[in-house]
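K.L.:
Give me the fold of what follows.
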Amino acid sequence: MSTVLFPSPIFGPVHSRRLGVSLGINLLPSDGKVCSFDCIYCECGLNAEHRSGLSLPTREEVRTELENKLKDMQINGPVPDVLTFAGNGEPTAHPHFSEIIDDTIALRDYYFPKAKVSVLSNSTFINRPKVFDALMKVDNNILKLDTVNEEYIKMVDRPAGNYKLDEITDRLKAFKGHVIIQTMFMKGTCYGESVDNTGDEYVLPWLETVKSIAPSQVMIYTIDRDTPDKHLLKATHQELNRILEMIEANGISATASY
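P.N.:
Below you'll find the predicted structure:
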């Protein structure tokens with residue numbers, strides 16, 4: 001099984017395909033994965049294979065370690081383009097996510113006011129008012145919507161609990177444009193079933209939903225690192241470019257990461 005687990009609570013900076021020089025903020029334990037999805041393409045591995053034995057970092061630990069790192073970067077570089085909440089699972093699951101966002105914005109404003117604050121989330125907790133309000137405060141509110149086919153979501157994203165696609169899309173619309181939609185396109189198989197979501201059967205309904213959400217941007221991407229399921233394949237440049245052109249033809253800003 002492929003596994004890339006990140007230090008906690010601060011890691012990097014790393015060079016992100018989509019965001020530039022990114023200082024990572026991991027609100028999950030460093031020794032395992034805590035996520036409301038169990039995506040078959042996740043670079044952190046599958047949930048059952050990497051259960052954590054450590055506690056979540058506290059709000060105080062995150063604030064202290066983030067400030068120490070920002071002080072160091074002021075002296076030694078590099079200058080961050082973005083402070084990114086990502087890591088070993090779903091960042092909005094942290095019970096003090098909202099307060100940590102406030103701390104991060106204050107530290108960003110003091111040390112690197114030109115840097116953006118980004119959150120990479122699978123969207124499962126955006127129905128929580130404090131999570132929603134916190135995401136409205138960040139510069140890049142990047143939320144996952146891999147498809148609008150519920151069977152595909154069950155097979156590929158494998159959400160925990162009672163995932164309701166209609167409720168998720170309604171909450172995405174409630175951001176009133178202050179949201180970036182992030183979508184993984186790939187091919188290959190899972191347990192003998194195709195996971196190719198690059199064709200019109202998947203793209204056209206997804207695009208209609210994206211239009212109704214009216215995001216500020218769409219980020220499409222494909223597999224970049226090893227995946228737990230070894231039968232998955234990258235979408236081609238041509239396939240991503242075709243989808244990119246379809247998005248832009250509808251007046252929506254979009255990027256593709258190959």
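K.L.:
where along the protein do the strands fall?
P.N.:
Listed in chain order, the strands of the chain (DSSP state E) span 10-16, 20-26, 82-86, 116-121, 140-144, 180-184, 186-190, 193-194, 217-221, 232-234, 254-257.
K.L.:
just the ones you listed: most buried one?
P.N.:
For the strands of the chain, the largest average neighbour count (mean count of other CB atoms under 10 Å) is found in strand 82-86, namely a mean of 27. C-beta here means a position set from N, CA and C on the backbone, and glycine is covered the same way.
K.L.:
Roughly how far does the residue nearest to residue 214 when sequence neighbours are not counted sit from residue 136?
P.N.:
Take residue 214 and drop its neighbours on the chain: the residue closest to it by CB to CB, 6 or more residues apart in numbering is residue 177, 5.4 Å away. Applying CB to CB, to the nearest Å, the value for residue 177 to residue 136 is 11 Å.
K.L.:
Which of these two has more residues huddled nearby?
P.N.:
Between residue 177 and residue 136, residue 136 has the larger neighbour count (other CB atoms under 10 Å), namely 14 against 10.
K.L.:
Pretty sure that one sits against residue 175.
P.N.:
Yes - contact criterion CB atoms under 8 Å: residue 136 and residue 175 qualify, at 6.9 Å.
K.L.:
Please look at residue 203 and residue 209 and confirm they touch.
P.N.:
No - applying CB under 8 Å, one finds residue 203 not in contact with residue 209, separated by 10.9 Å.
K.L.:
per-residue confidence for residue 48?
P.N.:
pLDDT, residue 48: 83.
K.L.:
residues contacting residue 189?
P.N.:
By CB atoms under 8 Å, 6 or more residues apart in numbering, residue 189 lies in contact with 195, 231, 232.
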